[in-house]
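Asks: got a sequence here, can you model it:
(2 chains)
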Protein chains: 2
Amino acid sequence: MTSNTNKTITAPMGFRAGCASCGLKAGNALDIAVLTCDHPAATAGVFTTNKVFAAPVALCRERLVGGRAQALVVNAGNANACTGPAGLRDAKTMTSRLARSLNLQPQNVLVASTGIIGHRLPMTKIRAGIDAAVDNLSSSARAGRNFARAIMTTDRSAKMAFQQIKIGRSLVRIAGVAKGAGMIAPNMATMLCFITTDAAISLPLLSCLLKRSVDTSFNTITVDNHMSTNDTAIVMASGLAANTTLKTTASAAKFAKALDEVCLDLALQMVSDGEGATKRMDVRVRGARSLADARTAAFAIANSPLVKCALFGGDPNWGRIVYAVGSCGVDCNQGRIDCKIGPIFVFRKGKPVAADTRRLAKIMAAKIVEFTVDLHMGRSQFTCYGCDLTYDYVRINAEYHT
Amino acid sequence: MTSNTNKTITAPMGFRAGCASCGLKAGNALDIAVLTCDHPAATAGVFTTNKVFAAPVALCRERLVGGRAQALVVNAGNANACTGPAGLRDAKTMTSRLARSLNLQPQNVLVASTGIIGHRLPMTKIRAGIDAAVDNLSSSARAGRNFARAIMTTDRSAKMAFQQIKIGRSLVRIAGVAKGAGMIAPNMATMLCFITTDAAISLPLLSCLLKRSVDTSFNTITVDNHMSTNDTAIVMASGLAANTTLKTTASAAKFAKALDEVCLDLALQMVSDGEGATKRMDVRVRGARSLADARTAAFAIANSPLVKCALFGGDPNWGRIVYAVGSCGVDCNQGRIDCKIGPIFVFRKGKPVAADTRRLAKIMAAKIVEFTVDLHMGRSQFTCYGCDLTYDYVRINAEYHT
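Replies: From the prediction side, this is the model:
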């Protein structure tokens, strides 16, 4: 009965999670987490494009060449980034410690870290934490939820998503967990995402679908080349659901759609939990000459500190939106631009529209506000998601001390 | 005697300024200003690169093709941007009103506006304001200072700069006035700058030197293609100083240096007066493969909300600096990067340096903090100037209502 209500990363067959508190976070909070699979799982990963990347990212990239992994360990509180060769040795030590207690090859163990940059990991604490987490390994829903809590840093809530689909006669489960609260603007904080599934799927297909899902989810809330030093999304497929290996176009599409939904669900949880955020904005740019233009314009709006402050203040300040579009370098002509807040036109063909200010104020007061810009230059479109810039954002990031 | 102590835009020979309050700002504050020259002045301008540009910008671009102007009118409180063809008519009306009262051709009159976007100008008030400003025209220092005050929007202080040089036996004066307080990140608020000089200088040279000076001053605090809809820098040269026309390399270089100094002085006043700013950062990037890389990396640091919050909080958080460099797409190798806060190395060849934390805290507490990054990839360098991100920035921009 329990297994039916488990919608965490331990729900797909073959996975167990274990957590511990090893002193990286204050107040005995969970800060180290282990995920294992009963068998070597087909495993794919997508990592930060930052040229300054953390030691665990370097190690995972190397180990995922073979596309198999059986366990991973994650710590929160210290990113093991900008730590030089010593940091790489520490990351390796984490995997070999876990490999030894699980009787695996270190080659099949992955690692991720998140937290402060530029400090060595306290390896004595970490080693003890790994051992304690292994002692707690369980396939319970509670173990899955604890994993989600253990990897949090400035997150206000644990982020989980779940989808279940039928492939032939088999139930296939996809579950994800993520952390990341600094998506207020690109460049912010580390995003970590771990997805488990019991689908039987080939590595090349899994790898391709993960990239695609990341593009339409996490990459719509953060700009590719502005990722943090540690950004990581890993999917492990145990193959234990009795589906015949996903190879028809229809079954692959079904799986792809569910994976997309898990990723977008997690991404939207992240943006809503942006540091200090109180509101989300969904920015739709249409009629762009190219996808690149649509994307650039959408992010220019979502990243504009002025638009973000107007969202916080509930002000339908469309001038700041149009202004951001004009300055971001995309092909446009101010005499053709339309702008809508919610369903209401506020600017049309380059001219302000006298809109119902009471209706606008109501729309701007909602938790989720939609801004739509039509450039009328072509047929490309892109949607991205952002949040407001608040006093709390400043407090969190100014009062944080290294 | 008075003329010796006048260091405002009325100090160069031939210029007069007049201001008035016409009700665009609250509390009878000065909000409209006129500048005139006794003769048609050689005049050059640099304008926003935003594809959404305001009506006055469109008009000035057109009128400056001939390179001569004899008067300009500026209003604060309303940007006359995103106002369509009606806005262009209003801008023309402003210049024809001023031309008529001064008995000039409208073709020789320029206009600039700053303030809220998307609202028509209240033309009855504006017309009355122009007439009143003309009535007050004077070459006094007080008139020059009032001009600086009248064009302010969210600025906390009026911004003026002055240089005097000797060309041959003549004294040549260069004076500038500027407004702009939203330089906290690109895309922010309008920058207006008006420079007067009595140098006798050819239009092509004046135009070339203005572009150069703007590049090394205003463009080091704001990114070219992220300017506002109204950004304008105009220089008018009356030619009334008795210098033989600037044409030797040496005299042109002397003038150029003084013009650079006036512009950089104004630019640094702007960044220090960034909306809500309490501190300035000077970001020096060295050892880049190209000037473009040096520039991109410097702005990536200065525009990072995390670096800006760390500056506000006084935290020597070099991780955020290195992180911004790695993610901005420039050619770099994390194993070679050096980073200094003030004169202290905090990161060297990709490894953290154990630095004196008390000295670092003291450096971070200063009003101006210098961050230096050496990429060790080449020989290009670039310096830009930024400011911190504070509670007041959020207050100013979230509580502002359209």
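Asks: state the helix or strand in which residue A:360 lies.
Replies: Remark: residue A:360 resides in helix A:357-364, with elements defined by DSSP states H and E.
Asks: quick one: the following helix or strand past that helix near chain B?
Replies: Using DSSP H and E, the helix or strand that follows helix A:357-364 in sequence is strand A:368-374. No. Using CB under 8 Å from any CB of the partner chain, strand A:368-374 stays clear of chain B, coming no nearer than 11.2 Å. For every residue, glycine as well, the C-beta is placed using N, CA and C.
Asks: what packs against strand A:368-374?
Replies: With contacts defined as 3 or more CB pairs under 8 Å, 6 or more residues apart in numbering or on different chains; DSSP states H and E, the packing partners of strand A:368-374 are strand A:280-288, helix A:291-303, helix A:318-327, strand A:338-341.
Asks: state the phi and psi torsions of residue A:240.
Replies: Backbone torsions of residue A:240, given as degrees, to the nearest 10, read phi -90, psi -10.
Asks: how many residues are close by it?
Replies: Counted by other CB atoms under 10 Å in any protein chain shown, the residues lying close to residue A:240 total 21.
Asks: what do you get for residue A:290?
Replies: Look at residue A:290: counted by other CB under 10 Å, it has 15 neighbours.
Asks: leaving out chain neighbours, which residue sits closest to it?
Replies: Nearest residue to residue A:290, sequence neighbours excluded (CB to CB, 6 or more residues apart in numbering or on different chains): residue A:380, at 5.3 Å.
Asks: who does that neighbour form a beta bridge with?
Replies: residue A:288 (DSSP bridges).
Asks: isn't it right next to residue A:288, touching?
Replies: Yes. Contact criterion CB atoms under 8 Å: residue A:380 and residue A:288 qualify, at 4.3 Å.
Asks: any shared contact partners between the two?
Replies: residue A:294 (CB atoms under 8 Å, 6 or more residues apart in numbering or on different chains).
Asks: of those two, who's got more company?
Replies: A count of neighbours by other CB under 10 Å puts residue A:288 above the other of residue A:380 and residue A:288, at 27 against 17.
Asks: how near is that one to chain B?
Replies: 13 Å (CB to the nearest CB, to the nearest Å).
Asks: okay, now the unreliable bits of the stretch 301-402 of chain A?
Replies: Filtered on pLDDT under 70, the stretch 301-402 of chain A yields the residue ranges A:400-402.
Asks: no no, chain A
Replies: A:1-4, A:181-189, A:222-227, A:400-402.
Asks: in it, which spans are strands?
Replies: A:15-20, A:32-47, A:68-78, A:109-116, A:159-167, A:170-179, A:192-197, A:232-237, A:280-288, A:338-341, A:344-348, A:351-352, A:368-374, A:380-387 (DSSP state E).
Asks: may I see these organised as TSV, with distance to residue B:373 added?
Replies: Output for these, formatted as TSV (distance: least, CB to CB, whole Å):
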stretch	distance to residue B:373
strand A:15-20	38
strand A:32-47	23
strand A:68-78	23
strand A:109-116	20
strand A:159-167	34
strand A:170-179	29
strand A:192-197	27
strand A:232-237	25
strand A:280-288	32
strand A:338-341	38
strand A:344-348	40
strand A:351-352	43
strand A:368-374	35
strand A:380-387	28
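Asks: residue B:267: which of those is closest?
Replies: Closest approach to residue B:267 among these (CB to CB): strand A:380-387, 29.6 Å.
Asks: just how off-centre is that closest one within its chain?
Replies: On the basis of CA atoms, centre = their mean, to the nearest Å, strand A:380-387 sits 16 Å off its chain's mean C-alpha point.
Asks: which residues are in contact with that strand?
Replies: Contacts of strand A:380-387 (CB under 8 Å, 6+ apart): A:183-184, A:220-221, A:267-268, A:271-272, A:274, A:277-291, A:293-295, A:297-299, A:301-303, A:307-308, A:311.
Asks: check stretch A:88-103 too.
Replies: A:34, A:36, A:55-56, A:58-59, A:70-71, A:73, A:75, A:80, A:83, A:104-106, A:108-111, A:113, A:120-121, A:123, A:126-127, A:130-131, A:134.
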